[in-house]
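Visitor: Fold the following, please.
(one chain, ligands or ions: 1)
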Amino acid sequence: MPFVPSQNLAHLKASETVAISTEARRRKAAGENVLDLGVGEPDCDTPSAASEAAIKAIHDGLTRYAPNVGTAELRQAMAGALSRMSANRPVNADQLIISSGSKQALFNACFTLFGPGDKVLIPSPAWVSYPQIVHLCRAEPVSVAGDPEWGLKVSVADLERARDPQVRGLILCSPSNPTGAVYTAAEIRGIAEWAATHGIWIISDEIYRRIHYGPGPAPSLFDLGDDLLERSVIVYGASKAYAMTGWRIGGAYAPPPVIKSMAALQSHTTTGANQPAMWAATTAFNDPAVDAEVERMVATFRRRRDYLVARFQEQAPGVEFIEPMGAFYLFFRVDGISAPGLPRLSGATFCEQLMREEGVAMVPGGAFGDDRWVRLSYSVSDSDLEAATDRLMTFMARQGGAV
Ligand SMILES: Cc1ncc(COP(=O)(O)O)c(C=O)c1O
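Guide: Have a look, this model is predicted:
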């Protein structure tokens, strides 16, 4: 009898971003000259103070089960980091739960809050895992298309049009993967007030908050008063800003009863996060020297962003793109690139041809819900970025049309 997965996986698709990176790695291993701009992680090493803290924890025997919600030290350190990012607003460490990456925090939050019969609004384009996670909860993801005139962000009016009595949640991501767009403080407040009025839960994925090109960290739900956080879960983690993707440390801030349910859920799945990794993250969040490294990393991403934007403006003036205000992605539109009379390129065809003809990996926008676009990541070395941009511009010029 052939294997048929259970109904739990009825909607499951493997992550396309992971698939692209796997293919790029395979080609590199086979000796091809591939430049991978599909990556979703910082290209630098974990700050050494954080790594040393994990090594010390191992030598000190801190290798057993830790408290299910995370060590007190890490919860305090993350609360401190979150508080400093929001003008020293009080952040209660008891309302934080630590998980194996922010992806697990997002899953736990959705599984705790949503179930059959519930709808969850997801501004689109959206990070690949949100709709999948909502499906795994047997709830229904509902895409709300972002406005191209507005960095593909959604407004309260867009959300209101999608609202019906079944809508129980909204997953917001700012700075956004895949667009790099950032919601302003006023936009966040407007959305939070709308959600509070209608009793809708907001899950705010703020994993890229530190990687922001405006002043300070990106605006957050934490900048609002406690009254607007009563039906909110704020997700943060060490992966992106601290170059710690492989350590798998993330966290969620939520009202106490939600934390209690998420802890119970986690106690039956992963038990909790990896203990030495938690000590590494504690140092990452606490150590001012690590903070200075994060600042340098953000400055590097900003410089690369400026470089790419300048090259698009100079060499591909007809190609629409979202000017990134955070994260490390550039989202650009490819359906208008081909010369008149030729078929319009989809993101999938564009990426497939770009890989085959120029050896550059990028992610088709279809992975994020709109295949007229393509996402490139500039979290690669300056020399790789320059070479990949040369190849990209050559490729787009060959397609004619807007370039
Ligand atoms: C928007 C967004 N949220 C969450 C995650 C998950 O991060 P992690 O599980 O490494 O903390 C990612 C990773 O790519 C992401 O892009």
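Visitor: ok, the nearest residue to Phe222 once chain neighbours are set aside - how many residues close by?
Guide: Among residues not flanking Phe222 along the chain, Ser86 sits closest, at 4.1 Å (CB to CB, 6 or more residues apart in numbering). C-beta: built from backbone N, CA, C; applies to glycine. The number of residues packed near Ser86 is 18, by other CB atoms under 10 Å.
Visitor: what comes up buried for stretch 146-162?
Guide: Buried positions in stretch 146-162, judged by neighbour count with 16 or more other CB atoms under 10 Å: 146, 151-155, 158-159, 162.
Visitor: and which of those is nearest to Gly400?
Guide: Minimum distance to Gly400 across these is 25.8 Å, recorded for Leu152 (CB to CB).
Visitor: Go ahead and confirm that closest one touches Gly146.
Guide: Yes: look at Leu152 against Gly146 with CB atoms under 8 Å: they come within range, at 3.5 Å.
Visitor: Identify the contacts common to these two.
Guide: Residues touching both Leu152 and Gly146 by CB atoms under 8 Å, 6 or more residues apart in numbering: 125, 179, 181.
Visitor: so what's the residue in the stretch 201-350 of the chain that the ligand sits nearest to up against?
Guide: Closest residue of the stretch 201-350 of the chain to the ligand, CB to the nearest ligand atom: Ser239 (3.4 Å). Each residue near Ser239 by CB under 8 Å, 6+ apart is listed here: 41, 101-102, 207, 245, 247-250.
Visitor: give me that answer again for 6 Å
Guide: Ser239 makes contacts with Thr245, as judged by CB atoms under 6 Å, 6 or more residues apart in numbering.
Visitor: The ligand contacts on the stretch 251-400 of the chain?
Guide: Selection of the stretch 251-400 of the chain residues close to the ligand by CB under 6 Å from any ligand atom yields an empty set.
Visitor: Now with 8 Å, please.
Guide: Residues of the stretch 251-400 of the chain lying near the ligand by CB under 8 Å from any ligand atom: Ala327.
Visitor: Show me the helices in the stretch 251-400 of the chain, by range?
Guide: Under the criterion DSSP state H, counting those that start in this stretch, the stretch 251-400 of the chain contains helices at 256-267, 275-286, 288-315, 347-358, 382-399.
Visitor: export the buried residues of stretch 146-162 to a markdown table and tack on distance to Ala254?
Guide: As requested, those are exported to a markdown table (distance: CB to CB, whole Å):
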| residue | distance to Ala254 |
| --- | --- |
| Gly146 | 26 |
| Gly151 | 28 |
| Leu152 | 27 |
| Lys153 | 24 |
| Val154 | 23 |
| Ser155 | 26 |
| Asp158 | 25 |
| Leu159 | 21 |
| Ala162 | 24 |
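Visitor: With pLDDT and secondary structure as extra columns, can I get those residues in a markdown table?
Guide: Converted to a markdown table, these look like this (pLDDT from 0 to 100; DSSP: H, G, I helix; E, B strand; the rest coil):
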| residue | pLDDT | secondary structure |
| --- | --- | --- |
| Gly146 | 96 | coil |
| Gly151 | 94 | coil |
| Leu152 | 97 | coil |
| Lys153 | 98 | strand |
| Val154 | 98 | coil |
| Ser155 | 97 | coil |
| Asp158 | 98 | helix |
| Leu159 | 98 | helix |
| Ala162 | 98 | helix |
